[in-house]
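# I would like to see how this sequence folds:
(one chain, ligands or ions: 1)
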Amino acid sequence: MTIAVIGTGFVGVVTAAVYASFGHKVFGLDIDQKKINKLKKSQVPFHEPQLEDLLKETQKKNHLSFTTSYQEAIQSADLIIVAVGTPSTIDGGVDLKYVFACAESLAPYLKSEAVVVVKSTVPPGTLDLVRDKIKSRTKTKFNLASLPEFLREGSAVNDTLHPDRIVIGAENQTTFELLGELHAPLKAPIVRVRPESAQMAKYAANAYLAMRITFINQVADICEKSGADIEEVISAIGYDKRIGAHYWYPGPGYGGSCFPKDVKELAHFFKQMGKTDNLFVKINQLNSHRINLLLTDYGRKVGGFKDKQILVLGLSFKPNTDDLREAPSTKFIPQLIKLRAQIIAFDPVVKQKTAQAVFGQYLESGSLIIEDELDDLTNSADAIFLLTEWSELISLDYSRFRNGTKPQWLFDIRNRLNPVQVRKWGFKYQGIGRQG
Ligand SMILES: NC(=O)c1ccc[n+]([C@@H]2O[C@H](COP(=O)([O-])OP(=O)(O)OC[C@H]3O[C@@H](n4cnc5c(N)ncnc54)[C@H](O)[C@@H]3O)[C@@H](O)[C@H]2O)c1
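Numbering: from 1, shown residues only. Just a heads-up that it's a prediction; the model follows:
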C-alpha cells in the first residue's frame, strides 16, 4: 500500500514510521521545511524513545521518505492520513483550520478511490466538512474515514505497535476492509463504528482519564486535612474490580497537549447545546485552579515565596518526553516568579534551547536558570519541587540538596518519594494528600 501521512508531529512521525515498518511505502508530509530536513536525516525533532531507531531502519529500507510536496506524497497514495494539530480556540472550541488546509491542499492530487483518513482529534461531523473542502477542489472519487489516535507521548512507538484497540470509523465496507488490513499485523481488537462514534470515543476516553485525575486530586485534598493518606486510600479502592488499581495519579492536575483541550472541547459542545452547566466545565475549572491552590498552601508553609530560592526538578509534562505543552512547570514557574521567588530548574531532556519558547522571558530576566547537569544544582534552596516523575529524579539521593541545619521543604508533587526517607535526610516533606 502507498500511504501519505500529513503532519509529522508527535502522532504523524510515529504513525508513518510504524506503517513503514510493516513494509508499506510511506510518505511523511509537512509544511515545516526545517522539520522535514531533520526527519530526512532520521533526526527526531522531539524526544521520543525508540523513534530514531525506527526511522533509521525504515528509511534505510526505502520504506519511508519525507517531503514538503503535496504532489509527491499524494499522487500515488492509496491512503492519506491527516495527523495535523487541532488546537482549541479561545472560547474552548476546536480550531480545524489545519485539517481544512490539508483537505484543500491534497484535493488536486488525489488518486481515484483513495481513502482520506482523519487521525487528528476532531468533533463528530468533521468528515462532512472535510468532504466539502475536498469536493470544492476535485471531481475525483474518494472515501473518508476516521481513525482516532490513542498513543501516549513517552511510549508512543510501543503504544502504536501494541495498541489496546484500533477504532475505525468508516462509511462503507471497502474502507473498513482496507483499514482492517492495514492494522492486521498489530493483532489488536478492531472496533468498527460510524465515524461520529470513533471521533466521540477519542474525546470520551481522554475526558474520562482527565476526570479520574481530577477526582483523585479532590479526594487527596480531603485526605490531607483529615488524617487519611491518599496512597493508602488508592490501595484500598483499587481492589474493587469496578474501580481498578490503575491510573490513579494524585498530583498537580492533568496537562499535555490533549487532555486539557479535549475536556474544554467537550464543555464547548455542551455549551453549544445550550447547557453551560456540565461535568466537563467543572473538570476544566478544578484542574485550571489546582496549581494556584497548591502554591497558596505551600507558600504558607515556607513563609511566603518572596526572595526564596526554589529548585524545580522536572519540566516536561510527563517523563520520557520533552513536550512542554500545558506542562505543570509552565504554571508553577511563572506563578512562583510572580511571587518573587528565584528558580533554578533541571530536567533530564528539556534544556535551555527547548525551554526558550516557553520560558524565554524568565530566562532572559534571570529569574529562572535551567542547569544542564544535576551536579550543578544548588544545595541551598529553600524548597524543592519534584514536578515530573522522571526515573532519574525519583531515584535521586536528595541528601545532596541538604544544607546543614537550614530548614528546607521538599514538595513531592507526584507522590513518588518515600516520606520517611525524605525526613531522614532532614527535609520537611509534603506530598499530595499524604500523611508521611
Ligand atoms: N500528541 C499526542 O500525544 C496525541 C495523542 C493522540 C491524539 N493526538 C491528536 O493528534 C493530532 C496531532 O497532534 P500532534 O501532537 O502530533 O501535533 P503536532 O503539533 O506535534 O504536529 C502537527 C504537525 O502538522 C503540521 N502541519 C500543520 N499544518 C499542516 C498542513 N497544512 N500540511 C502539512 N502539515 C501541516 C505541523 O507543521 C506539525 O508538524 C491532534 O489532533 C492531537 O489532538 C495527539
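# and for Asp412, the neighbour number?
25 (other Cβ atoms under 10 Å). Every residue, glycine included, has its C-beta placed from N, CA and C.
# OK, contacts around it?
386, 419, 422, 429-432, 434 (Cβ atoms under 8 Å, 6 or more residues apart in numbering).
# can you map out the helices along the stretch 201-350 of the chain?
230-237, 259-272, 279-302, 329-338 (DSSP state H, counting those that start in this stretch).
# got the contact list for the shortest one?
By that I understand helix 230-237. By Cβ under 8 Å, 6+ apart, the residues outside helix 230-237 that reach it are 216, 219-220, 223-224, 243, 245, 248, 250, 415, 432-434.
# recalculate using a threshold of 7 Å.
219-220, 223, 243, 248, 250, 415, 432-434 (Cβ atoms under 7 Å, 6 or more residues apart in numbering).
# thinking again about what came up before, for the helices of the stretch 201-350 of the chain, give me JSON lines that also has mean neighbour count, mean pLDDT and distance to the ligand.
Below are the helices of the stretch 201-350 of the chain laid out as JSON lines (neighbours: other Cβ atoms under 10 Å; pLDDT from 0 to 100; distance: least, Cβ to the nearest ligand atom, whole Å):
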{"stretch": "helix 230-237", "mean neighbour count": "16", "mean pLDDT": "98", "distance to the ligand": "25"}
{"stretch": "helix 259-272", "mean neighbour count": "21", "mean pLDDT": "96", "distance to the ligand": "7"}
{"stretch": "helix 279-302", "mean neighbour count": "17", "mean pLDDT": "97", "distance to the ligand": "16"}
{"stretch": "helix 329-338", "mean neighbour count": "20", "mean pLDDT": "98", "distance to the ligand": "16"}
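# for the ligand, give me its nearest residue in the chain.
Per Cβ to the nearest ligand atom, the residue of the chain with the smallest distance to the ligand is Gly9, at 1.8 Å.
# name the SS class of the nearest residue to that residue once chain neighbours are set aside, please.
Nearest non-adjacent residue to Gly9, counting by Cβ to Cβ, 6 or more residues apart in numbering: Gly85, 6.5 Å away. Of the three states, Gly85 takes coil under DSSP: H, G, I helix; E, B strand; the rest coil.
# ok, how many other residues are close to Gly85?
With other Cβ under 10 Å as criterion, Gly85 counts 17.
# on that earlier part again, of the contacts of Asp412, closest to Glu196?
Minimum distance to Glu196 across the contacts of Asp412 is 37.7 Å, recorded for Ile432 (Cβ to Cβ).
# and the two most separated of the contacts of Asp412?
So, these by Cβ to Cβ: farthest apart are Val422 and Ile432, at 13.8 Å.
# is the ligand within reach of stretch 136-150?
Yes - for stretch 136-150 and the ligand, the contact criterion (Cβ under 6 Å from any ligand atom) is met by Glu149.
# that stretch - what's its average pLDDT?
Average pLDDT, stretch 136-150: 98.
# buried residues, it. List them.
142-150 (16 or more other Cβ atoms under 10 Å).
# from those residues, which land in strands?
142-146 (DSSP state E).
# pull the most distant pair out of the contacts of helix 230-237.
Ile243 and Arg434 (20.0 Å).
# settle it for me: which of those two has more neighbours?
Using other Cβ under 10 Å as the criterion, Ile243 and Arg434 rank with Arg434 on top: 20 against 13.
# element containing the more buried one?
Of the helices and strands defined by DSSP states H and E, none includes Arg434.
# that one against Gly227, yeah?
No - assessed by Cβ atoms under 7 Å, Arg434 is found out of contact with Gly227, at 11.2 Å.
# show me how this protein divides into domains.
2-193, 290-430 (automatic domain parsing).
# closest one to Met273 among those?
domain 2-193 (12.3 Å).
# roughly how far is the closest one from the heart of the chain?
18 Å (Cα atoms, centre = their mean, to the nearest Å).
# now do the same end-to-end measure for that domain.
End-to-end distance for domain 2-193: 24 Å, by Cα to Cα, to the nearest Å.
# and for stretch 111-120?
Criterion Cα to Cα; first-to-last residue distance in stretch 111-120 is 22 Å.
# mind listing what's buried along it?
So, applying 16+ other Cβ under 10 Å, buried residues of stretch 111-120: 114-120.
# just those: which are in helices?
Secondary structure assignment by DSSP state H places none of those in helices.
# how about CSV for those residues, with pLDDT and distance to Leu161 added?
CSV is the format used below for these (pLDDT from 0 to 100; distance: Cβ to Cβ, whole Å):
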residue, pLDDT, distance to Leu161
Ala114, 98, 26
Val115, 98, 22
Val116, 98, 24
Val117, 98, 19
Val118, 98, 22
Lys119, 98, 16
Ser120, 98, 21
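# near the ligand, from those residues?
Filtering the buried residues of stretch 111-120 for proximity to the ligand by Cβ under 6 Å from any ligand atom leaves Ser120.
# can you give me the strands for the stretch 51-200 of the chain?
For the stretch 51-200 of the chain, the strands defined by DSSP state E, counting those that start in this stretch cover 64-67, 79-82, 114-118, 142-146, 166-170, 190-193.
# not counting its own residues, what contacts the third one?
Just to be clear, that refers to strand 114-118. By Cβ under 7 Å, 6+ apart, strand 114-118 touches 77-82, 99, 126-127, 130, 134, 142-147, 175, 178.
# mind redoing it with 8 Å?
74, 77-82, 99, 103, 106, 110, 126-127, 130, 134, 140, 142-147, 175, 178-179.
# just the buried members of the residues you listed?
Buried among the contacts of strand 114-118 (16+ other Cβ under 10 Å): 74, 77-82, 99, 103, 106, 110, 126-127, 130, 134, 142-147, 175, 178-179.
# pLDDT at the most far-flung residue of the chain relative to its centre, what is it?
The C-alpha centroid of the chain is most remote from Thr405, which lies 40.2 Å away (Cα atoms, centre = their mean). On the pLDDT scale, Thr405 is placed at 90.
# how about it, phi and psi?
phi -100, psi 0 (degrees, to the nearest 10).
# wait, isn't Lys119 in contact with Glu149?
Yes - applying Cβ atoms under 8 Å, one finds Lys119 in contact with Glu149, separated by 5.2 Å.
# what do those two both touch?
Both Lys119 and Glu149 are contacted by 11, 15, 83, under the criterion Cβ under 8 Å, 6+ apart.
# return the alpha-carbon coordinates of stretch 22-33 using PDB.
Taking C-alpha atoms only, stretch 22-33 is exported to PDB below (Å, rounded to 0.1, in the frame of the first residue of the first chain):
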ATOM      1  CA  PHE A  22       5.100  -3.200   8.000                       C
ATOM      2  CA  GLY A  23       6.600  -2.800   4.600                       C
ATOM      3  CA  HIS A  24       4.300  -0.200   3.100                       C
ATOM      4  CA  LYS A  25       5.600   2.700   1.100                       C
ATOM      5  CA  VAL A  26       5.100   5.700   3.300                       C
ATOM      6  CA  PHE A  27       5.500   9.500   2.700                       C
ATOM      7  CA  GLY A  28       5.600  11.800   5.700                       C
ATOM      8  CA  LEU A  29       4.500  15.200   4.600                       C
ATOM      9  CA  ASP A  30       4.700  18.500   6.500                       C
ATOM     10  CA  ILE A  31       4.800  22.200   5.600                       C
ATOM     11  CA  ASP A  32       7.600  22.700   8.100                       C
ATOM     12  CA  GLN A  33      10.800  22.600   6.000                       C
END
